[in-house]
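# Predicted structure and sequence below. I'll ask about it afterward.
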There are 2 protein chains.
Amino acid sequence: MSSIRETQPVDDRSTRARIRDAAIQCIADHGVTATTARKVADVADVSPGSVIHHFGSMDGLRAACDEYVLEIVRKQKQDILSSGPNLDVFAALRNVEAGPLMAYLAQVLADDSAAVASLVDHFVDDAEGYLAQGVESGMLKPSRDPRGRAVMLTIWGLGSLALHEHAKRLLGVDLMDPDLTTSPNLAAYAGPVYEIYGKGLFTDDFAEHTRNVFAPTDNTDQTDEPEEAT
Amino acid sequence: MSSIRETQPVDDRSTRARIRDAAIQCIADHGVTATTARKVADVADVSPGSVIHHFGSMDGLRAACDEYVLEIVRKQKQDILSSGPNLDVFAALRNVEAGPLMAYLAQVLADDSAAVASLVDHFVDDAEGYLAQGVESGMLKPSRDPRGRAVMLTIWGLGSLALHEHAKRLLGVDLMDPDLTTSPNLAAYAGPVYEIYGKGLFTDDFAEHTRNVFAPTDNTDQTDEPEEAT
DNA sequence: GACAGGGTTGAACGGTCGTATAGAATATTG
DNA sequence: CAATATTCTATACGACCGTTCAACCCTGTC
């Protein structure tokens, strides 16, 4: 092992890391099923045999990718924790070197992978913490079901990411844009969202009318409203 | 052409329709990339050659499926229109013979297809109409951006459908269940949703604070809040 | 019965996939 | 420098893909 570092850091790091990054890029660009061993090898400038030599199989490569972005998100979370409460689920990913992680996440959110499930659970945990902080600091209203509220807000956020092509077509806003927060079109997305988050959607009369329909078992005064579902 | 109807309607209808239905079922069950001509042929009890004889290619089959569910949704809309306002985007699909249409939609929502885009646009149009009715009837608050609000609510709903596996894992609610509205676990999903839609998420103070940040060009009084994004 | 003629079949073709493996290239060590 | 261990490449193989096509069956007509 040579003790001197070369003038240029060769390319990236180990061949294994280069292959993994190439796979993430490939999945982010063209989806998981279109990501073949040969294409990954081509992007990583290695031979097709090398990619499975390092990861055993394509499933192994996919798992390694999932685990890697999970690790990055976990690491990034530490930095976020010291910067106060943040409601935006994507902020952690957006600041992370503007890599293809958002696009990767959007591509893999739909198919069921244990690592992706763990990642989503992680986001929900974060959201629940942030929401609790928001409630404590007086920014957010308390909820009868804090966990459920965190789940729904996370699913809405991640679902918007998964359907970002529709959002772009309908709103002109690319949720994948690394510098979204400075985009002039952000208002088209944030306006309605903040409006709903701000004043709600139902009128007070209607909200009162539906309040006790889907309430969890909570001993408040409740007049029985027999039929008002959907 | 015989003028009498057989005692049993043979199987379904034409072979073409049987193949199309088999493809929809197959995509709903295993996704679009896992749906091969041979599997569709197997489900439809025909030969692999027959499926492309009827649709030209697998892309043609896929397009025919998209167009078919679009047609069904359009047809279903007519019935809905005569039953008053309805905020639930899925109701139109849920009542439609409990077929695999919801699962099909969940599978194809992410990939970009012209027919799927048209379908989503259709949902947004419906939502906008329903929201306007809701505002008019006093159930819903008016919006500064009715179209944008309809888009976001639709994306949230469809995104939840696309990520229904996560919702099921985290909430115990299967958004795909044809009789969801009678499920005892519905409250885990509807509770937080109705809470947010009812009273909102932000406190009045915080809502006032962020009101004019992402407001569309609207001449209300606005004190300049230079930096408060994210 | 002979005979078209279209819906249907099943075998076959070219292509791409994931993966295995033998050998070349490269690094490591004495 | 020789020997060896390691990494990578190139090729090969079997499986499965979408698609084609000659034969086949089945129905209706002369």
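Perfect, thanks for sending it.
# quick one, phi/psi of residue A:202?
The phi/psi pair for residue A:202 (degrees, to the nearest 10) reads phi -80, psi 150.
# any idea how far it lies from residue B:139?
With distances taken as C-beta to C-beta, to the nearest Å, residue A:202 is found 7 Å from residue B:139. Every C-beta, even on glycine, is put in place using the N, C-alpha and C of the backbone.
# lowest-pLDDT helix or strand in chain A?
Least confident helix or strand, chain A: helix A:91-94 with a mean of 54, by mean pLDDT, DSSP states H and E.
# following that helix, which helix or strand shows up next?
Reading on from helix A:91-94 to the C-terminus, the next helix or strand found by DSSP states H and E is helix A:101-108.
# Show the average pLDDT along that next one.
For helix A:101-108, mean pLDDT is 93.
# ok, now which ones touch the most centrally placed residue in chain A?
Closest residue to the average C-alpha location of chain A: residue A:158 at 5.1 Å, with C-alpha atoms, centre = their mean. Going by C-beta atoms under 8 Å, 6 or more residues apart in numbering or on different chains, residue A:158 touches A:89, A:105, A:109, A:120, A:123, B:159, B:163, B:166.
# roughly how far apart are the third one and residue B:162?
Relative to residue B:162, residue A:109 is positioned 8 Å away (criterion: C-beta to C-beta).
# where do the contact lists of the two overlap?
residue A:162.
# Need the three-state assignment for residue A:123.
Put simply, residue A:123 is helix when judged by DSSP: H, G, I helix; E, B strand; the rest coil.
# Report the rounded mean pLDDT for stretch A:63-80.
For stretch A:63-80, mean pLDDT rounds to 84.
# And the helices in chain A, which stretches?
Using DSSP state H, the helices of chain A run over residues A:15-30, A:37-44, A:48-55, A:58-81, A:91-94, A:101-108, A:114-136, A:146-162, A:164-171, A:186-199, A:204-210.
# Save those helices as CSV, and put in distance to DNA strand D too.
Conversion of the helices of chain A to CSV gives the following (distance: least, C-beta to the nearest atom of the strand, whole Å):
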stretch, distance to DNA strand D
helix A:15-30, 3
helix A:37-44, 7
helix A:48-55, 2
helix A:58-81, 12
helix A:91-94, 29
helix A:101-108, 20
helix A:114-136, 24
helix A:146-162, 24
helix A:164-171, 23
helix A:186-199, 36
helix A:204-210, 46
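# Now tell me which of these the model trusts least on average.
Mean pLDDT is lowest for helix A:91-94 among the helices of chain A, at a mean of 54.
# For the contacts of residue A:158, which single residue is the most surrounded?
Among the contacts of residue A:158, residue B:163 has the most neighbours (other C-beta atoms under 10 Å in any protein chain shown), with 27 neighbours.
# looking at it, that one is touching residue A:162, isn't it?
Yes - with contact defined as C-beta atoms under 8 Å, residue B:163 reaches residue A:162; the gap is 6.5 Å.
# Need the overlap of contacts for the two.
Both residue B:163 and residue A:162 are contacted by A:109-110, under the criterion C-beta under 8 Å, 6+ apart.
# for residue A:205, what are its contacts?
B:138-139.
# Now do the same contact list for the closest residue to residue A:69 other than its chain neighbours.
Using C-beta to C-beta, 6 or more residues apart in numbering or on different chains and skipping the chain neighbours, the partner closest in space to residue A:69 is residue A:101 (5.6 Å). By C-beta under 8 Å, 6+ apart, residue A:101 lies in contact with A:24, A:28, A:69, A:72-73, A:93.
# okay if I get those as JSON lines plus distance to residue A:195?
Compiled in JSON lines, these are given as follows (distance: C-beta to C-beta, whole Å):
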{"residue": "A:24", "distance to residue A:195": "36"}
{"residue": "A:28", "distance to residue A:195": "31"}
{"residue": "A:69", "distance to residue A:195": "32"}
{"residue": "A:72", "distance to residue A:195": "33"}
{"residue": "A:73", "distance to residue A:195": "29"}
{"residue": "A:93", "distance to residue A:195": "25"}
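# Who wins on neighbours among those residues?
residue A:24 (25 neighbours).
# wait, it sits on residue A:105?
No - under the criterion of C-beta under 8 Å, residue A:24 is not in contact with residue A:105, lying 10.2 Å apart.
# Find residues that contact each of the two.
Shared contacts of residue A:24 and residue A:105 (C-beta under 8 Å, 6+ apart): residue A:69.
# Check the contacts of residue A:101 and tell me the two furthest apart.
Pairwise distances across the contacts of residue A:101 peak at 14.8 Å for A:28 and A:73 (criterion: C-beta to C-beta).
# Tally up the residues packed near the residue lying closest to residue A:183 once chain neighbours are set aside, please.
Leaving aside its sequence neighbours, residue A:183 sits nearest to residue A:177 (C-beta to C-beta, 6+ apart; 5.9 Å). For residue A:177, the tally of surrounding residues (other C-beta under 10 Å) stands at 17.
# ditto for residue A:208
So residue A:208, with other C-beta under 10 Å, has 11 neighbours.
# Now do the same contact list for it.
Residue A:208 neighbours (C-beta under 8 Å, 6+ apart): none.
# Can you check the pLDDT for residue A:224?
Model confidence at residue A:224, given as pLDDT, is 45.
# now residue A:88
Model confidence at residue A:88 (pLDDT) stands at 54.
# And the residue nearest to the centre of chain A, how close does it get to residue A:102?
Distance, residue A:158 to residue A:102, using C-beta to C-beta: 11 Å.
# Nearest residue to residue A:134 in space, please, no chain neighbours.
In space, residue A:134 is closest to residue A:140, 3.6 Å off (C-beta to C-beta, 6+ apart).
# how near is that neighbour to residue A:152?
In terms of C-beta to C-beta, residue A:140 sits 14 Å off from residue A:152.
# Turn the helices of chain A into JSON lines, including distance to residue B:182.
Shown next, in JSON lines, are those (distance: least, C-beta to C-beta, whole Å):
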{"stretch": "helix A:15-30", "distance to residue B:182": "39"}
{"stretch": "helix A:37-44", "distance to residue B:182": "47"}
{"stretch": "helix A:48-55", "distance to residue B:182": "46"}
{"stretch": "helix A:58-81", "distance to residue B:182": "36"}
{"stretch": "helix A:91-94", "distance to residue B:182": "38"}
{"stretch": "helix A:101-108", "distance to residue B:182": "33"}
{"stretch": "helix A:114-136", "distance to residue B:182": "27"}
{"stretch": "helix A:146-162", "distance to residue B:182": "20"}
{"stretch": "helix A:164-171", "distance to residue B:182": "30"}
{"stretch": "helix A:186-199", "distance to residue B:182": "27"}
{"stretch": "helix A:204-210", "distance to residue B:182": "17"}
